[in-house]
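Q: show me the folded form of this:
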Amino acid sequence: MMGLIPRQGGRLGWYRTNAIPLFAGRGDEARVYFTLEDITGIRAAQEALRRSEARYQDLVETSPDLIFECDPEGRLTYVNRTWEQVTGAAPATLLGRGWWALEPVRVEGKPLAGEAAFQRLRKERAISGVELEWHGPAGARIDIVVNAKAVTGPRGEVTGFRGTAYDITQRKATLALLAESQERFASFFDQAVDAMVVSSEDGIILEVNPAACSLLGWSREEMVGRGREMIIDVSDPRAAIAVGERSRDGLFHGELFSRRRNGERFEVEVTSKFYRARDGRRQAGTIVRDISARKQAEAVRLRSQRLESIGTLAGGIAHDLNNGLAPILLGITLLRRHFPERGDLLNTLQSSAFKAAAMVRQLLTFARGTEGERRPVGSTRLLREVTDLTRSTFPRSITLSVDAPDDLWLVRGDETQLHQVALNLCVNARDAMPAGGTLTITARNEVLAERESSSLGDIQPGPYVVWRFRDTGTGMPAGVLERIFDPFYTTKPPGEGTGLGLPTALGIVRSHGGFFRVESREGAGSCFQVFLPAADAAPATVAAPAAAPAEPWSGRGRRILVVDDEPAVREVAVAVLESLGFGAESAIDAREALLRLADPAFAPVAVLTDFQMPGLDGLGLAREIRRRRPGLPVIVASGRFEETAITGLRGLGVTELLPKPFEEARLVEALRRVLGEGASAVDSTTPMRLQQQTP
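A: Below you'll find the predicted structure:
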């Protein structure tokens, strides 16, 4: 038996004792001898072994891996608790079965993958990294990797197999997601509209997408391995600043310049960010977006705003300019009567005043840029106005002539827009003749036949008014001629052209149902032909200059009220009316005029009023006159009539509208009509437009 006995030093130790009985003889007392064997060391070793086995058992049972043992036939003899957690099968149900028994599908005539793996294990005595698919909890399928080796006896015989397996379902799912993510990224990278570039920390290009190749004009092979100069224009001072900014915080976003393979420089929006690659090295991902079209559109918008501002400014000063010209034109006839011997001088003054008034009107027509109502337009007057305007601004080295006969058919359109087309073609011709030359403008009536129409595509046959602008300039090569109507395409130096002039002209002509033809050869000049559908086959009537009445006409002392805030206009108008035999009186504004009209003793036969006045304007004054004296005729004069004003005046029955500046003959015609005494044939149901007149 064994027991604990105190040892030397008071410590307890384990001893094993044996009792041996001794018999001396008859009658002698029996004696027993005891032997003690110290087994403290043995017991300590046994305890250590027990604890080690317990630890091993705990490790095996709590291991995340599936641990198993099987006999030489592959039947399981041991599984740890992890099998139940991973597969959902209780250990008792697995013992005695093949360790591959959890495979979900058996194909007839073919061994299961697990069986094949076991046969390989029996043959090679070890397998590693074999992937199998097993049943998991609730019928789910799980992916398993098996490692196993043979257990041999003293003579090398196989007594069984021992191995481990672990669940790689989540890892495979993660890898699948990663592969899918990488595939999506590759697809995004390859199909992105913006240029995308991957480069090293020092700017060497590692990868580019097709959009980058398309944007810059280089192939992938030509770009990979090159520096950042392939992406941005390093001569731009902002490029060095961009690199410095990114080096501090790893991110840059801004606008830079880039260059295409053909040398074209254009603006781009660049976003670049450093990141850590898998190998730990810093790389930069860069997105390059072409913003040249956006910048050009912004420039067009700003240019449009500037033109709108010019139009507003021109409209503001037109009234003052025309008021300054009004006394001159109105007083010339009066001076002619007093100084008949100075007729030549007065003719010169009248012609100059007409020309100045026409320039103001042309400036308004061009600068306003507003689309008016489509009305019959005469090409003769329009082209002559454009010619007069451009002749005064073109260099003297350019000879300009116009041949636009009076029998041209009318075209129905927006006169402002058609004026813009003609002016644009004149300016382009001027730019094509930097050393001087000749610009010849002609206009003709032409009829396109059916067979001719078919050669022009969708152009309809019929009557057209054709404008031709022929210059003797530098001409255009075929490559340029093909692109002249492309938006933003220009051969002019940067800052001298937007490339929108001809596209805008094309859009206007097409909106009027017309089309362009262009002929040009390098070094031999160009000819732009504009075909505009005729409104009818009747020739346009050209307004003849107003002339003084053939017979003397007198106001016979009748009273007229002149209302104008400009003293010079009032003074000259009163003098002219008095010279015609009227008793003219004046008022400085609508308020004073209404005070005069409130006097029953004051009985004028007509009121001549300016439209734009401080306080109550001409429309408001006409409205008050209609309320207080319904039958009193009103003549309204202005340096600029807006459509809304014309509509309002017509609604009040005001039919006589005099555009400033006007001459005495125009005033007499208006007075004779409102007084019912007849006048020359001038249509006053619509506002009279200022004509380019000669004395």
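Q: tell me how this protein divides into domains.
A: Structural domains of the chain, as assigned by automatic domain parsing, span the residue ranges 2-51, 63-172, 192-290, 371-539, 559-674.
Q: what helices and strands are in contact with the strand or helix carrying R650?
A: When secondary structure is defined by DSSP states H and E, R650 falls within helix 643-651. Contacts of helix 643-651 with other secondary structure elements, assessed using 3 or more Cβ pairs under 8 Å, 6 or more residues apart in numbering; DSSP states H and E, are made with helix 618-628. For the C-beta atoms, the positions are set from N, CA and C on the backbone; glycine is no exception.
Q: and the helix it packs on, what does it pack onto?
A: helix 590-597, strand 606-610, strand 634-638, helix 643-651.
Q: mind putting the ones you listed in a markdown table, distance to E69, mean pLDDT and mean neighbour count included?
A: Shown next, in a markdown table, are the helices and strands packed on helix 618-628 (distance: least, Cβ to Cβ, whole Å; pLDDT from 0 to 100; neighbours: other Cβ atoms under 10 Å):
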| stretch | distance to E69 | mean pLDDT | mean neighbour count |
| --- | --- | --- | --- |
| helix 590-597 | 116 | 95 | 18 |
| strand 606-610 | 116 | 95 | 25 |
| strand 634-638 | 112 | 93 | 26 |
| helix 643-651 | 102 | 86 | 15 |
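Q: so which of the ones you listed is nearest T286?
A: In this view, the helices and strands packed on helix 618-628 are compared for proximity to T286 by Cβ to Cβ, and helix 643-651 is the closest at 54.0 Å.
Q: what's the angle from that closest one to helix 618-628?
A: Counting by axes from the mean of the first three to the mean of the last three Cα atoms, to 10 degrees, helix 643-651 lies at 20 degrees to helix 618-628.
Q: ok and helix 643-651 relative to strand 634-638, angle-wise?
A: Counting by the same axes, to 10 degrees, helix 643-651 points 170 degrees away from the direction of strand 634-638.
Q: partner strands of the next helix or strand after helix 643-651, with direction?
A: For helix 643-651, the following helix or strand on the C-terminal side (DSSP H and E) is strand 656-659. Within its sheet, strand 656-659 is paired with strand 634-638 (parallel), according to DSSP bridges.
Q: who's in contact with the strand it pairs with?
A: The set of residues external to strand 634-638 that reach it, using Cβ atoms under 8 Å, 6 or more residues apart in numbering, is 319, 326, 564, 606-612, 618, 621-622, 625, 645, 649, 652, 654, 656-660, 662, 670-671, 674.
Q: can you say which of the residues you listed are buried?
A: Neighbour-count burial (16 or more other Cβ atoms under 10 Å) is assigned, among the contacts of strand 634-638, to 319, 326, 564, 606-612, 618, 621-622, 625, 645, 649, 654, 656-660, 662, 670-671, 674.
Q: now do the longest strand that the chain contains, average pLDDT.
A: Criterion DSSP state E: the longest strand present in the chain is strand 526-539. For strand 526-539, mean pLDDT rounds to 79.
Q: who does it pair up with?
A: strand 409-413 (antiparallel), strand 462-471 (antiparallel), strand 515-520 (antiparallel).
Q: for those, which one sits closest to H253?
A: Nearest of the strands paired with strand 526-539 to H253, taken as Cβ to Cβ: strand 515-520 at 43.3 Å.
Q: buried sites along the closest one?
A: If you call a residue buried by 16+ other Cβ under 10 Å, then strand 515-520 has these buried ones: 515-516, 520.
Q: residues contacting I560?
A: With Cβ under 8 Å, 6+ apart as the criterion, the residues that contact I560 are 577, 582-585, 604-608, 671.
Q: okay, the helix or strand where it lies in CSV with CA atoms only?
A: Using DSSP H and E, I560 sits within strand 559-563. Once side chains and other backbone atoms are set aside, the C-alpha atoms of strand 559-563 remain, and they are given as CSV (Å, rounded to 0.1, in the frame of the first residue of the first chain):
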residue,chain,number,x,y,z
ARG,A,559,-51.9,125.4,-81.4
ILE,A,560,-49.7,122.4,-80.7
LEU,A,561,-48.2,121.3,-77.4
VAL,A,562,-44.6,120.0,-77.5
VAL,A,563,-43.5,117.9,-74.5
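Q: show me where the stretch 151-300 of the chain has helices.
A: Listed in chain order, the helices of the stretch 151-300 of the chain (DSSP state H, counting those that start in this stretch) span 169-191, 210-216, 220-223, 237-249, 292-338.
Q: which other residues reach the shortest one?
A: Just to be clear, that refers to helix 220-223. Contact with helix 220-223 is made by 205, 208, 210, 212-213, 216, 230, as judged by Cβ under 8 Å, 6+ apart.
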